[in-house]
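>>> This is a predicted model, with the sequence first.
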Amino acid sequence: MSSAWMFLFGVLLTTAAGAVSVPLVATYGPADLAWIRFVSTLLIFPVIVRLRPQVFACPSTRQFVGLGLLGVVSLLGLFLMLYALQGLALATTTGIFFCYPFLAVAMAAIFLREEIGLLVWTLTILGLMGVFLLFDPQAAGYSLFSLAALGSGIAVAVRMLLTRALGLGLPPMTTAAGEALVAAILLLPFLSLTPMLSGQMLGHLALYLLFANGSRFMIVIALAKADLAALAPLGYSEVVFAAAIQWLVLGQSISPFEAAAFTAILAAGLGVAQIRCRPPRVPSKD
């Protein structure tokens with residue numbers, strides 16, 4: 001279960017990074033902020049390699065192509081989400097986007113040949129239903145914005161699939177650095193070149209980079225250690241963490257209905273992780 005807890009902590013850091021980024025997006029813009037985040041990963045990587053040289057491995061041609069796809073998919077998910085939010089409410093977009101854990105489990109079965117099992121499918125669907133109880137995806141109707149939200153969820157599922165596939169042959173830190181390098185290069189034409197050092201925002205920026213890099217490192221390491229199907233349903237928990245942060249920081253109340261949905265979401269993710277990540281039983285010699 002250690003990989004599951006690591007993944008869950010990574011999701012928590014992702015939620016925290018999202019909360020901290022809200023005032024930063026207004027200052028830097030989404031493209032600039034994403035570029036700063038990827039460049040910070042590249043700056044951290046040499047320090048890690050110096051301390052632990054084994055975290056670096058030169059990718060093969062096939063792995064290099066995979067890292068390129070990973071960087072492209074990461075940015076595609078970001079831009080699709082930004083487009084969807086231009087025409088849909090945040091709650092509606094969230095309801096569509098959080099199909100990605102279910103899609104990731106399906107992709108794990110199809111492309112990685114992971115054996116899912118009926119109980120894992122049931123719990124994964126339970127988590128999806130918990131999200132749908134909180135956010136009504138049907139409110140979006142059929143439009144380019146709803147398709148963009150769905151596309152963003154698909155992109156995140158593919159990102160997890162590629163991360164898991166690359167993690168079977170590359171050290172996790174090399175995967176994270178390769179993704180960051182490709183994404184940083186691709187973002188160059190989209191930079192607005194706004195001032196990147198705003199004294200008022202430096203503290204927020206440092207905290208965001210700490211959370212964002214920490215979350216990606218945790219998730220990449222976890223996906224290198226455990227099956228995608230074992231960890232993907234834990235992605236639903238980001239909804240729970242976001243509500244918890246709003247409750248603790250903003251004082252927003254949580255209704256009994258929401259609490260029930262959150263419980264279903266957490267139970268589904270932790271249940272799948274418990275089933276898939278538990279060590280095999282050692283046969284008794286008696």
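The structure has been received and is ready for your questions. If you're wondering where the values come from, they're calculated on a predicted model, not measured in any experiment.
>>> pLDDT score for residue 243?
At residue 243, the model reports a pLDDT of 87.
>>> Please pull up the helix or strand immediately following the host helix or strand of it.
Per DSSP states H and E, residue 243 falls inside helix 237-245. Using DSSP H and E, the helix or strand that directly follows helix 237-245 along the chain is helix 256-277.
>>> Show the average pLDDT along the strand or helix carrying residue 110.
Using DSSP H and E, residue 110 falls within helix 100-111. Taken as a whole, helix 100-111 has an average pLDDT of 95.
>>> Identify each buried residue in that helix, please.
Using 16 or more other CB atoms under 10 Å as the burial criterion, the residues of helix 100-111 that qualify are 100-109. Using the backbone N, CA and C atoms, a C-beta is placed for each residue, glycine as well.
>>> would you list the residues you listed in TSV and tack on distance to residue 3?
What follows is those, written out as TSV (distance: CB to CB, whole Å):
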residue	distance to residue 3
100	19
101	16
102	20
103	20
104	15
105	16
106	20
107	19
108	14
109	19
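>>> next one: the helix ranked longest in the chain to chain centre, how far?
In the chain, with assignment by DSSP state H, the single longest helix is helix 2-28. Its chain's C-alpha centre and that of helix 2-28 lie 9 Å apart, by CA atoms, centre = their mean, to the nearest Å.
>>> and it, average pLDDT?
Mean pLDDT, taken over the full extent of helix 2-28, equals 90.
>>> circling back: roughly how far is the helix holding residue 110 from the heart of the chain?
Worked out by CA atoms, centre = their mean, helix 100-111 lies 14 Å from the chain centre.
>>> Show me what the helix or strand immediately after that helix in the chain is packed up against.
Heading C-terminal from helix 100-111, the first helix or strand you meet, by DSSP H and E, is helix 118-134. If you count contacts as 3 or more CB pairs under 8 Å, 6 or more residues apart in numbering; DSSP states H and E, helix 118-134 packs onto helix 90-97, helix 100-111, helix 256-277.
>>> For the first one, list the C-alpha coordinates in CSV.
So the one you mean is helix 90-97. Written as CSV, here are the backbone C-alpha positions of helix 90-97 (Å, rounded to 0.1, in the frame of the first residue of the first chain):
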residue,chain,number,x,y,z
LEU,A,90,-16.4,25.0,-13.0
ALA,A,91,-18.7,22.4,-11.4
THR,A,92,-19.9,21.1,-14.8
THR,A,93,-16.4,21.0,-16.2
THR,A,94,-15.2,19.1,-13.1
GLY,A,95,-18.0,16.5,-13.5
ILE,A,96,-16.9,15.8,-17.1
PHE,A,97,-13.2,16.0,-16.4
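>>> what's that helix packed up against?
Applying 3+ CB pairs under 8 Å, 6+ apart, we find helix 90-97 packed against helix 61-85, helix 118-134, helix 144-167.
>>> same thing but at 7 Å, please
helix 61-85, helix 144-167 (3 or more CB pairs under 7 Å, 6 or more residues apart in numbering; DSSP states H and E).
>>> Look at residue 192 and tell me its secondary structure.
With DSSP: H, G, I helix; E, B strand; the rest coil as the basis, the three-state label of residue 192 is coil.
>>> I'd assumed residue 32 was in contact with it.
Yes. Counting by CB atoms under 7 Å, residue 192 touches residue 32, with 5.9 Å between them.
>>> When these two are compared, which one has more neighbours?
Shown here are residue 192 and residue 32; by other CB atoms under 10 Å, residue 32 has more neighbours (20 against 9).
>>> Run the chain-centre distance for stretch 123-143.
With CA atoms, centre = their mean, you get 18 Å for stretch 123-143.
>>> Distance to residue 227 for the helices and strands packed on helix 118-134 - can I get that in a markdown table?
Listed next are the helices and strands packed on helix 118-134 as a markdown table, based on distance: least, CB to CB, whole Å:
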| stretch | distance to residue 227 |
| --- | --- |
| helix 90-97 | 23 |
| helix 100-111 | 7 |
| helix 256-277 | 6 |
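>>> who wins for proximity to residue 207 among those helices?
Residue 207 lies closest, by CB to CB, to one member of the helices and strands packed on helix 118-134: helix 90-97, at 22.0 Å.
>>> what's the average pLDDT for the closest one?
84.
>>> Same check on stretch 207-225?
95.
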